[in-house]
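Visitor: Fold the stuff below for me.
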Amino acid sequence: MKGFLGQNIIWVLLALLGQLHGYTSCVQEERKALWEIKKYMIPKSLQGRSVLPTWTNDTKSNCCRWNGVECNRSSGRVIGISFGKPMFKERFLLNLSLLHPFEEVRILNFSWHGLGGNQFSGFFDDVEEF
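Guide: Alright, predicted model coming up:
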C-alpha cells in the first residue's frame, strides 16, 4: 500500500512540475485545423514530400512543437502561425474559414522570401459567406 501511494504521489508531482514549466499539449481542434490548412495550401504533388514535415495527421502529435507554430504555454492554444518557405499552390484563393478555430492567434505570417510575396489571388470565407 505504501509503495502504491508513493508512486501516485510521484506521478502527481511530475504532472504539477510539467504544468509549472508550461508544458501543455495543443488543442485538438486547432491541430486538425492546421492539418487542413496544410492540405488546402500545399499541392497534392508535394504533400508526400518534406513540406511542413512536422505537421502531421497523427492525433497524438503536439502541434505546439510543429515548426512555425507557437502556442500559449498555459492554454495550449495556437498564438502564432508562420509558414516560412513552403511550396504553396500557384495563385490561389485563401479560405479564411480555415482560420476560424484559432481563438488566440496574434501572428499569422504567410510571407516568404524568393517568391515575390504571397501567392494569394484573393480571400473568401465559405462559413461567413464573404
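
Visitor: who's in contact with residue 78?
Guide: By CB atoms under 8 Å, 6 or more residues apart in numbering, the residues touching residue 78 are 26-27, 30, 34, 63-64, 69-72, 102, 104-105. For the C-beta atoms, the positions are set from N, CA and C on the backbone; glycine is no exception.

Visitor: quick one, what contacts residue 123?
Guide: By CB under 8 Å, 6+ apart, residue 123 lies in contact with 93, 94, 96.

Visitor: Same check on residue 36?
Guide: Here residue 36 is in contact with residue 98 (CB under 8 Å, 6+ apart).

Visitor: what about it, distance to residue 95?
Guide: Distance, residue 36 to residue 95, using CB to CB, to the nearest Å: 9 Å.

Visitor: can I assume residue 55 is in contact with residue 34?
Guide: Yes. Between residue 55 and residue 34 there is a contact at 6.0 Å, judged by CB atoms under 8 Å.
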